[in-house]
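# sequence first, then the predicted structure, then my questions.
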Amino acid sequence: MHLIWLTDLMQSVLVGIVGLIVVYTLRHYAFTLNRLFGTQRHPYIDIDVANWPSVTVLVAAHNEEQVIEDSLRCLMAVDYPLELLTVMPMNDRSQDRTREIIDSLVEQYPGRIEPFHRADGKPGKAAALKDAMKFVKSDVIVVFDADYMPSTGLIKQLVAPLFDPEVGATMGRVVPQNASANLLTRLLDLERAGGYQVDQQARMNLHLVPQYGGTVGAVRVRALEAVGGWREDVLAEDTDLTYRLLLAGWQTVYQNRAECYEEVPQNWQVRIRQIMRWTKGHNTAMYAYSLRMFTSPHLSLTAKVDGLLLLGVYTMSPLLLMGWGISIVLSYVTHTRLADGALVLFGLMLYSALGNFAAFFEIGAAVRLDGNRNRIRLLPLNQFGFLVSMVSISRATVNQWIDGLLKRELRWDKTTRYRTPGPPN
């Protein structure tokens, strides 16, 4: 009797997992088809001459001697009124030459760089941003990581949507600049293309929930203050801010043609740590905002559904592993029609979601839209990257549960840099 009850429960759970896989698979297809054949929204991209607001560019830097100079020199060359632009590198407790490099550039560009050297305080980007805001006097902030190199027109492209009084934040497209380094970077280049060229732009097209991504983004200071500023107790300050703005009635705009160039991980261990940090941060936002999204009277049904699916995206990996385990157990303990049907359906959907034709279709569409078709030859190898991500996300989820039970604080893991620094000035 107990075995029958347990079997029925496992079958129900398996059917639920299959149902979620179907939903996320259809979501991939909807975004990709919209991006290929739907109406594309770029409502702010042509604004070039305007009464521009004052802007502070915050550059997060912790032990960034390898990359910080390139980033700051690129910012010195952007097309934005000099009297309205302040660049504030946030040197957060660095123990290498980061401070020395920043101070040297301050001397080379007098009046244009105002460094914020942070010697103590809680570690992590969100905490550094919170402390730096005490010295910001501008109407808008733009946030970069230290390895990011902006294009000349990027600041204007990110700021332009903020002329719309309902917009609280904007997000540009991130493009790997070290994509040719090795196989991993090439696979991440494909993944980034799918995520930005298709996912983010489709959300923009469909009036859903574009996500502020933590870097290569602008935030209206008034909107940030209205939702309580940066929270230092989170690992994914970008996802956290996206949902606080959304729930407060502010829109986030995605600018697909506003490109900035980053370093992606060149080592699988670094990539795994990055995924695990993102997972923990994103899950924290899911726990905090899912119920509020569901019950919010200010959001449309489509925005609620998209917002909840975005919050739950990192839960799919542990659910897939659970589905595998349940399938194996059921194959030994029962031969009912329901179990057989569920196993077959689960196998088909598993192939679509993990195998992963829906996501492959999305990446293939992004490559076509980018006009760089040679990259498509690597598409089958993304299967390996998906498997690594699935295991890493599941591991991070379990670790987060354990950390919660033991009341451990969230720990920030810095992403390793690879560029060779220039000689000291």
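Cool, got the structure.
# would you map the helices across the stretch 301-425 of the chain?
Along the stretch 301-425 of the chain, the segments classed as helices by DSSP state H, counting those that start in this stretch run 301-311, 316-333, 337-350, 357-370, 382-406.
# quick one: closest of these to Thr279.
helix 382-406 (3.8 Å; CB to CB). Using the backbone N, CA and C atoms, a C-beta is placed for each residue, glycine as well.
# for Asn182, see how far away Met322 is.
As judged by CB to CB, to the nearest Å, Met322 and Asn182 stand 33 Å apart.
# tell me which of these two has more neighbours.
Comparing Met322 with Asn182 by other CB atoms under 10 Å, the one with more neighbours is Met322, at 15 against 12.
# so what's the residue lying closest to that one once chain neighbours are set aside up against?
Counting by CB to CB, 6 or more residues apart in numbering, Ile17 is the residue found nearest to Met322 once chain neighbours are left out, at 6.7 Å. Contacts for Ile17 were tallied using CB atoms under 8 Å, 6 or more residues apart in numbering; they are Leu319, Leu320, Met322, Gly323, Ile326, Phe346.
# kindly report the same for Thr86.
Ser54, Val55, Thr56, Val57, Arg112, Glu114, Ser138 are the contacts of Thr86 under CB under 8 Å, 6+ apart.
# kindly recompute the last result at 10 Å.
If you count contacts by CB atoms under 10 Å, 6 or more residues apart in numbering, Thr86 has them with 54-58, 111-114, 135-138, 141.
# find the nearest non-adjacent residue to Cys173, please.
In this structure residue 173 is Arg, not Cys. Nearest in space to Arg173, with sequence neighbours left out and distances taken as CB to CB, 6+ apart, is Tyr196 at 4.5 Å.
# looking at this, that neighbour is in a helix?
Yes - the assignment for Tyr196 is a helix, going by DSSP: H, G, I helix; E, B strand; the rest coil.
# pull the number of nearby residues for it.
Tyr196 has 21 neighbours, counted by other CB under 10 Å.
# surely it meets Tyr254?
Yes - the pair Tyr196 / Tyr254 is scored as a contact, 8.1 Å apart, by CB atoms under 10 Å.
# shared neighbours, the two?
Joint contacts of Tyr196 and Tyr254 (CB under 10 Å, 6+ apart) are Met171, Gly172, Arg173, Gly213.
# which elements pack onto the helix or strand hosting the third one?
This means Arg173. Per DSSP states H and E, Arg173 falls inside strand 167-176. Judged by 3 or more CB pairs under 10 Å, 6 or more residues apart in numbering; DSSP states H and E, strand 167-176 is in contact with strand 140-145, helix 154-159, helix 183-193, strand 217-220, helix 221-226, helix 237-247, strand 251-262.
# low-confidence stretches in the stretch 1-150 of the chain?
When residues are selected by pLDDT under 70, those of the stretch 1-150 of the chain lie in 1-3.
# coming back round to it: okay if I get the helices and strands packed on strand 167-176 as CSV plus mean neighbour count and distance to Gln95?
Conversion of these to CSV gives the following (neighbours: other CB atoms under 10 Å; distance: least, CB to CB, whole Å):
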stretch, mean neighbour count, distance to Gln95
strand 140-145, 25, 18
helix 154-159, 26, 30
helix 183-193, 21, 27
strand 217-220, 26, 28
helix 221-226, 17, 30
helix 237-247, 24, 23
strand 251-262, 22, 23
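# now for the ones you listed, which one comes closest to Ala202?
Within these, the stretch nearest Ala202 is strand 251-262; the backing value is 9.5 Å (CB to CB).
# quick one: strands adjacent to the closest one?
Strand pairing for strand 251-262, using DSSP bridges, gives strand 149-150 (antiparallel), strand 167-176 (parallel).
# mean neighbour count and distance to Asn34 added to these, as TSV?
Shown next, in TSV, are the strands paired with strand 251-262 (neighbours: other CB under 10 Å; distance: least, CB to CB, whole Å):
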stretch	mean neighbour count	distance to Asn34
strand 149-150	21	28
strand 167-176	24	17
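# reformat the ones you listed as TSV; add distance to Thr242.
As requested, the strands paired with strand 251-262 are exported to TSV (distance: least, CB to CB, whole Å):
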stretch	distance to Thr242
strand 149-150	21
strand 167-176	7
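# and Val106, which of these is closest to it?
Closest approach to Val106 among the strands paired with strand 251-262 (CB to CB): strand 149-150, 19.0 Å.
# what's in contact with that closest one?
Residues outside strand 149-150 that contact it (CB under 10 Å, 6+ apart) are 57, 67, 70-75, 77-78, 142, 144, 157-158, 172, 175, 177, 216, 258-263.
# redo that, cut-off 7 Å
Outside of strand 149-150, the residues within contact range by CB atoms under 7 Å, 6 or more residues apart in numbering are Asp70, Ser71, Cys74, Leu75, Val78, Phe144, Gln177, Cys260, Tyr261.
# and which of the residues you listed is nearest Leu224?
Among the contacts of strand 149-150, Phe144 lies closest to Leu224 (CB to CB), at 16.2 Å.
# wait, that closest one touches Ala61, no?
No - Phe144 is beyond contact range of Ala61, at 9.6 Å (criterion: CB atoms under 7 Å).
# what sits against Ala181?
Ala181 makes contact with Gln266, according to CB under 7 Å, 6+ apart.
# so what's the residue nearest to Arg173 up against?
Tyr196 makes contact with Arg173, Val174, Asn256, according to CB under 7 Å, 6+ apart.
# before we move on, the earlier item: check the helices of the stretch 301-425 of the chain for me and report the most buried one.
Among these, helix 357-370 has the highest mean neighbour count (mean count of other CB atoms under 10 Å), at a mean of 20.
# angle of that one against strand 167-176?
Interaxial angle, helix 357-370 versus strand 167-176 (axes from the mean of the first three to the mean of the last three CA atoms, to 10 degrees): 90 degrees.
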